[in-house]
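K.L.:
coords please:
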Amino acid sequence: MRIVHHLENSRSLRVLWMLEELGLDYELRRYPRDPRTLLAPPALRQVHPLGKSPVLQDGEQVLAESGAILDYLADRYDTQRQVSPSPIPAEGAERMAYRYWLHYAEGSAMPPLLLTLVMSRIRNAPVPFFVRPIARSIADKAEKIFVGPQRRLHLDWMERRLAESPWFAGERFTAADIQMSFPIQAAAARGGGLDDKPALRAFLQRIGERPAYQRAEAHGGSLQALRGD
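P.N.:
Numbers count the residues shown, from 1 in each chain. This is a model prediction of the structure:
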């Protein structure tokens with residue numbers, strides 16, 4: 001039996017979604033966030049030393065990192081290539097795009113969005129009144145000089161890709177779209193939203209209409225990415 005260790009309101013929703021797309025059975029073990037810190041509970045460290053989610057147990061295999069898990073599920077179970085390109089030829093256009101966006105999601109897209117959250121937390125942190133203007137000034141400068149421009153750079157890049165093709169790997173839906181969903185949902189929730197990104201907004205609407213996504217959300221809870229103004 002496959003077991004998914006799922007932290008509420010987190011990246012691990014993507015693993016449930018992938019399993020639903022492939023029609024695979026799994027046991028769901030849900031973990032609540034600490035209401036004060038929003039961190040994962042200590043119980044997750046009994047599953048993986050980092051205490052992070054998602055974690056997938058598949059027989060004797062214990063896998064962490066959403067991209068690695070999706071890659072593993074595609075290689076082992078997607079024999080009909082429902083959501084992944086054929087590995088041959090390795091240099092095929094769909095395969096190359098699939099590989100790029102599967103890794104880009106966490107490697108490049110998420111850091112500016114995570115920093116957006118960090119700057120918001122600094123700006124609104126419960127600190128003594130005489131420290132508050134300093135904290136807000138630091139956060140505002142970081143947002144203006146680095147975080148904001150980097151976030152816009154990456155959102156423009158994602159928008160450009162989806163203006164060229166309906167899905168990140170090309171003409172059909174793949175696990176790369178599952179992996180890319182979280183950064184885009186995070187951007188929609190924070191940092192000015194996606195008001196000027198029609199292709200990204202349309203992408204979110206399309207994935208929300210997929211039955212497998214709806215089943216994953218029903219099992220794992222609705223995702224409110226990077227919430228916490």
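
K.L.:
gap between the closest residue to residue 42 other than its chain neighbours and residue 113?
P.N.:
Residue nearest to residue 42 in three dimensions, not counting chain neighbours: residue 51, with 6.7 Å by Cβ to Cβ, 6 or more residues apart in numbering. Where you see a C-beta, it was placed from the backbone N, CA and C, and this is true even at glycine. Between residue 51 and residue 113 the computed distance is 22 Å (Cβ to Cβ, to the nearest Å).

K.L.:
who's more crowded, the two?
P.N.:
residue 113 (25 against 17; other Cβ atoms under 10 Å).

K.L.:
close enough to count as contact, the more buried one and residue 189?
P.N.:
No. The pair residue 113 / residue 189 is not scored as a contact, 9.2 Å apart, by Cβ atoms under 8 Å.

K.L.:
what pLDDT, on average, does the lengthiest helix in the chain get?
P.N.:
The longest helix of the chain (DSSP state H) is helix 148-164. Per-residue pLDDT over helix 148-164 has a mean of 95.

K.L.:
and the helix or strand just after that helix, how far out from the chain's middle?
P.N.:
Using DSSP states H and E, the helix or strand that follows helix 148-164 towards the C-terminus is helix 175-189. Using Cα atoms, centre = their mean, to the nearest Å, the distance from the centre of helix 175-189 to the centre of the chain it belongs to is 5 Å.

K.L.:
quick one: helix 175-189 to helix 148-164, angle?
P.N.:
If you take axes from the mean of the first three to the mean of the last three Cα atoms, to 10 degrees, helix 175-189 sits at 130 degrees to helix 148-164.

K.L.:
For this structure, just list every one of the strands.
P.N.:
Along the chain, counting by DSSP state E, strands occupy 2-7, 27-31, 55-58, 61-64.

K.L.:
The residue nearest to residue 42 reaches residue 64, doesn't it?
P.N.:
No. Look at residue 51 against residue 64 with Cβ under 8 Å: they stay out of range, at 10.2 Å.

K.L.:
quick one: common contacting residues for those two?
P.N.:
Common contacts of residue 51 and residue 64 (Cβ atoms under 8 Å, 6 or more residues apart in numbering): none found.

K.L.:
Pull out the buried positions in the least confident helix or strand in the chain by mean pLDDT.
P.N.:
Between all helices and strands in the chain, the lowest mean by mean pLDDT, DSSP states H and E belongs to helix 132-142, at a mean of 76. Neighbour counts over helix 132-142 (16 or more other Cβ atoms under 10 Å) mark 135-136, 139, 142 as buried.

K.L.:
and it, what other elements does it pack with?
P.N.:
The contact analysis (3 or more Cβ pairs under 8 Å, 6 or more residues apart in numbering; DSSP states H and E) places helix 132-142 against helix 110-123.

K.L.:
Extract the CA atoms of the helix it packs on and return them as CSV.
P.N.:
Taking C-alpha atoms only, helix 110-123 is exported to CSV below (Å, rounded to 0.1, in the frame of the first residue of the first chain):
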residue,chain,number,x,y,z
MET,A,110,9.5,29.1,-5.4
PRO,A,111,12.4,31.1,-3.8
PRO,A,112,11.0,34.6,-4.7
LEU,A,113,7.6,33.6,-3.7
LEU,A,114,8.8,32.2,-0.4
LEU,A,115,10.8,35.5,0.2
THR,A,116,7.5,37.3,-0.5
LEU,A,117,6.0,35.5,2.5
VAL,A,118,9.1,36.1,4.6
MET,A,119,9.0,39.8,3.9
SER,A,120,5.3,40.0,4.8
ARG,A,121,6.0,38.2,8.1
ILE,A,122,8.8,40.6,9.0
ARG,A,123,6.6,43.6,8.1
